[in-house]
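Peer 1: sequence-free structure coming up:
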């Protein structure tokens, strides 16, 4: 914080902190306002002469466009049956943009998973997952069963190439999990860069990496690692004693190399005797 001409000027870090705090307060205030809207709608407080709906009343009395008014009423109604989402919204952990997206598809069985995704993903990522989720509702089950596929091959550079075609709901759930883990990794990288910069500033040395230009891993790489993590955890879920191994490692080795290795191993065993 600096003082110029008798006025207080916040540092960039202080400005960023105030902006983030303001966003939390704004989300909490919006959640409170929507609870009022939901109750007002349920009690039909909008039922004046010439007013056709709660959205119509909001557009008239609160200066909203008709579309925005309808969307706010929809979200207010949906939050009544989504307690986890409502709580995260009221405490400022979710923004209105994320809540608006979640309420389009969430129910009692999917709410917790979607809230967890929204807490770690960006609003645009949540929107993409929700769009995929909604598309799955209109898919014909027989067509899905016919078109499901799982194909893979090893590329010339030794990398796995995987192509999967699956139903939209399961696919959206998979994407939600992958995006959540990948975004967590990105946040950890940003936090590490910030700590490094703070430590350098405290020591009075040049920061080797600015948090804004810190060399970060590509999001594609994070998603690949997230998918591998999900597979590793799932491999041991529900496993019982006596179940066959769930992991198989395939190693491609030239016959000449294998023969040479076998010869060396044989010689080693002979020396051991």
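Peer 2: That came through, no problem. Nothing here was measured: the structure is a model prediction, and the numbers come from that model. Numbering: from 1, shown residues only.
Peer 1: Local confidence estimate at residue 214?
Peer 2: Listed pLDDT for residue 214 reads 47.
Peer 1: can you check the one 10 residues further on too?
Peer 2: Here the pLDDT value assigned to residue 224 is 89.
Peer 1: Now name the helix or strand holding it.
Peer 2: helix 219-236 (DSSP states H and E).
Peer 1: again with residue 151
Peer 2: Element membership for residue 151 (DSSP H and E) is strand 149-154.
Peer 1: Which of the residues in the helix holding residue 224 are classified as buried?
Peer 2: Neighbour-count burial for helix 219-236 flags 222-224, 226-227 (criterion: 16 or more other Cβ atoms under 10 Å). Where C-beta positions appear, they are placed from N, C-alpha and C, glycine not excepted.
Peer 1: Adding distance to residue 189 as columns, could you present those in TSV?
Peer 2: Listed next are these as TSV, based on distance: Cβ to Cβ, whole Å:
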residue	distance to residue 189
222	9
223	14
224	16
226	14
227	18
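Peer 1: can you pull out the helices in the stretch 51-200 of the chain?
Peer 2: 54-61, 66-79, 83-90, 96-102, 111-120, 123-136, 141-147, 168-203 (DSSP state H, counting those that start in this stretch).
Peer 1: okay if I get those as CSV plus mean pLDDT and distance to residue 231?
Peer 2: CSV is the format used below for these (pLDDT from 0 to 100; distance: least, Cβ to Cβ, whole Å):
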stretch, mean pLDDT, distance to residue 231
helix 54-61, 95, 45
helix 66-79, 95, 34
helix 83-90, 96, 27
helix 96-102, 95, 26
helix 111-120, 90, 18
helix 123-136, 82, 20
helix 141-147, 72, 22
helix 168-203, 80, 11
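Peer 1: tell me the most buried of these?
Peer 2: Mean neighbour count, computed with mean count of other Cβ atoms under 10 Å, is highest for helix 96-102 among these, reaching a mean of 22.
Peer 1: any idea how far it is from the chain center?
Peer 2: Distance of helix 96-102 from the chain centroid (Cα atoms, centre = their mean, to the nearest Å) equals 13 Å.
Peer 1: what do you get for stretch 185-199?
Peer 2: Worked out by Cα atoms, centre = their mean, stretch 185-199 lies 19 Å from the chain centre.
Peer 1: Give me the contact list for stretch 62-80.
Peer 2: Defining contact as Cβ atoms under 8 Å, 6 or more residues apart in numbering, one finds that stretch 62-80 is touched by 31, 34-35, 37-38, 41, 53-56, 58-59, 85-86, 89, 96, 99-100, 103, 106.
Peer 1: what about 6 Å?
Peer 2: Stretch 62-80 has contacts (Cβ atoms under 6 Å, 6 or more residues apart in numbering) with 34, 37-38, 54-55, 58-59, 86, 100, 103.
Peer 1: Need the max-distance pair from those residues.
Peer 2: Farthest-apart pair in the contacts of stretch 62-80 is 59 and 86; separation 23.9 Å (Cβ to Cβ).
Peer 1: which one of the buried residues of helix 219-236 sits closest to residue 167?
Peer 2: Here the nearest of these to residue 167, counting by Cβ to Cβ, is residue 227; it sits at 17.9 Å.
Peer 1: what sits against the closest one?
Peer 2: Contacts of residue 227 by Cβ under 6 Å, 6+ apart are residue 178.
Peer 1: quick one: it and residue 164, what's the gap?
Peer 2: Going from residue 227 to residue 164 by Cβ to Cβ, to the nearest Å gives 10 Å.
Peer 1: next one: residue 126
Peer 2: Distance, residue 126 to residue 164, by Cβ to Cβ: 22 Å.
Peer 1: sorry, back to before: dump the contacts of stretch 62-80 into a markdown table; add distance to residue 176 as well.
Peer 2: Listed next are the contacts of stretch 62-80 as a markdown table, based on distance: Cβ to Cβ, whole Å:
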| residue | distance to residue 176 |
| --- | --- |
| 34 | 24 |
| 37 | 28 |
| 38 | 26 |
| 54 | 31 |
| 55 | 30 |
| 58 | 31 |
| 59 | 34 |
| 86 | 20 |
| 100 | 17 |
| 103 | 15 |
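Peer 1: per-residue confidence for residue 13?
Peer 2: If you check residue 13, the pLDDT there is 87.
Peer 1: got the contact list for stretch 146-160?
Peer 2: The contact list for stretch 146-160 (Cβ under 6 Å, 6+ apart) reads 161-166.
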